[in-house]
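Asks: I'll drop the sequence and a predicted model, then ask my questions.
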Amino acid sequence: MSEQEKNNPILDKRTSRRSFIKNSGLTVGGLVVGGAIGSLLGGKSETTTPTVAHDSNHVAIDYSETRQFFARQKDFDAMAAATEMIYPEDKNGPGAIALGVPYFIDKQLASPWGSNADDYRKGPFTAGDTPLNKADIVLQGSRKLNEVSEKEYDGTLFKDLTEVQKITILTSFQAGEVEMELVNSTVFFNLLRTLTLQGCFADPLYGGNKNMAGWKMKEFPGAQMSYTAYLDEEEFVLIEPVSLGGHKH
């Protein structure tokens, strides 16, 4: 591993993810509330019964994790592998893939948010701006991950690279060293990193934070209706989290 890889600020193994989680509560919360919430398309919460069908052999099929935006599996796989590098599984809990982040991102890109439906999109565009919408950027970036991987590593897809090789490629995207059409690769990397964090900590209603595992790692109570029962408690109270879709009517 090169010195650059060892000192990579986004994937440094010496930095405890638990420390990051504890220190990023307000920031991540702001991202989730103000960012890519998109729509409720295919949203899933722990207490919501997923859409289930049965095939001819009577085997249950769960359609709650179904792609809505990515048409090609290898594009989706590249994006998913990149999110796992940004937020990896470790002893403290699941990583991006186990938290359902790739499907969260897919849902957001399929929504009006992904097509920048509410944004002013007419030119002229100044330096740093792009005529591409968010869905265009993520799709092109995901394909570029495979393109760079196949070129640099003898036809190997990004998802099949070693961790060090994936980090090397992502670092080049982060530094703006990968040529992309009508957008800087840094923009793609930053957008993907933001979406990854949102998918880890958004309400499960939106497709990520599977089983509220992201909240449980942060000891975040979720969408509680009231905290009046705990007002007189002097010590920290660990409350079982509940999602927006988990309230009984």
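Replies: Nice, I can see it. Numbering: from 1, shown residues only.
Asks: what sits against the most centrally placed residue in the chain?
Replies: Computing the C-alpha centroid of the chain and ranking residues by C-alpha atoms, centre = their mean puts Thr196 first, at 2.3 Å. Contact analysis of Thr196 by C-beta atoms under 8 Å, 6 or more residues apart in numbering lists 83, 86-87, 96, 101, 105. (Glycine included, C-beta is placed from N, CA and C.)
Asks: Give me the phi and psi angles of Asp90.
Replies: Asp90 has phi and psi values of phi -150, psi -170 when expressed as degrees, to the nearest 10.
Asks: and Val237, what does it touch?
Replies: Contacts of Val237 (C-beta under 8 Å, 6+ apart): Tyr230.
Asks: repeat that for 10 Å
Replies: Neighbouring residues of Val237 by C-beta atoms under 10 Å, 6 or more residues apart in numbering: 219, 221, 227, 229-230.
Asks: Need the pLDDT of it.
Replies: Looking at Val237, its pLDDT reads 83.
Asks: so it, which of the three states?
Replies: The assignment at Val237 comes out as coil when based on DSSP: H, G, I helix; E, B strand; the rest coil.
Asks: Check which element follows the helix or strand encompassing Thr168 along the chain.
Replies: Thr168 is located in helix 163-174, with elements delineated by DSSP states H and E. Downstream of helix 163-174, the next assigned helix or strand under DSSP H and E is helix 185-201.
Asks: average pLDDT for that next one?
Replies: 96.
Asks: repeat for stretch 217-234
Replies: For stretch 217-234, mean pLDDT rounds to 82.
Asks: got it, and stretch 158-171?
Replies: Averaged across stretch 158-171, the pLDDT comes to 97.
Asks: and the lengthiest helix in the chain, what does it pack onto?
Replies: In terms of residue count, the longest helix belonging to the chain (DSSP state H) is helix 134-152. Contacts defined by 3 or more C-beta pairs under 10 Å, 6 or more residues apart in numbering; DSSP states H and E place helix 134-152 against helix 73-86, helix 101-110, helix 163-174, helix 185-201.
Asks: Quick check: the gap between the residue nearest to Tyr230 when sequence neighbours are not counted and Glu219.
Replies: Closest residue to Tyr230 apart from its sequence neighbours, by C-beta to C-beta, 6 or more residues apart in numbering: Val237 at 5.0 Å. Distance of Val237 to Glu219, given as C-beta to C-beta, to the nearest Å: 10 Å.
Asks: pLDDT weak spots in the protein?
Replies: 1-64, 247-249 (pLDDT under 70).
Asks: go again using 50 as the cut-off
Replies: Applying pLDDT under 50 to the chain flags residues 5, 13-15, 18, 20-50.
Asks: Tell me which residue of it is furthest from the middle?
Replies: Ranking residues of the chain by C-alpha distance from their mean position (C-alpha atoms, centre = their mean) puts Asp232 at the top, at 37.2 Å.
Asks: Then that residue would be within a helix, right?
Replies: No. Using three-state DSSP, the assignment for Asp232 is coil, not a helix.
Asks: In contact with it, which residues?
Replies: Contact partners of Asp232, counting by C-beta under 10 Å, 6+ apart, are absent.
Asks: Would you quantify the distance from it to Met79?
Replies: To Met79, Asp232 is 47 Å away according to C-beta to C-beta.
Asks: cool, and Ala223?
Replies: Taken as C-beta to C-beta, the span from Ala223 to Met79 is 28 Å.
Asks: So those two - more neighbours on which side?
Replies: Met79 (28 against 16; other C-beta atoms under 10 Å).
Asks: what's the closest non-adjacent residue to that one?
Replies: Ser142 (4.3 Å).
Asks: so what's the one you found up against?
Replies: Counting by C-beta under 10 Å, 6+ apart, Ser142 makes contact with 70, 72, 74-82, 105, 158, 188, 192.
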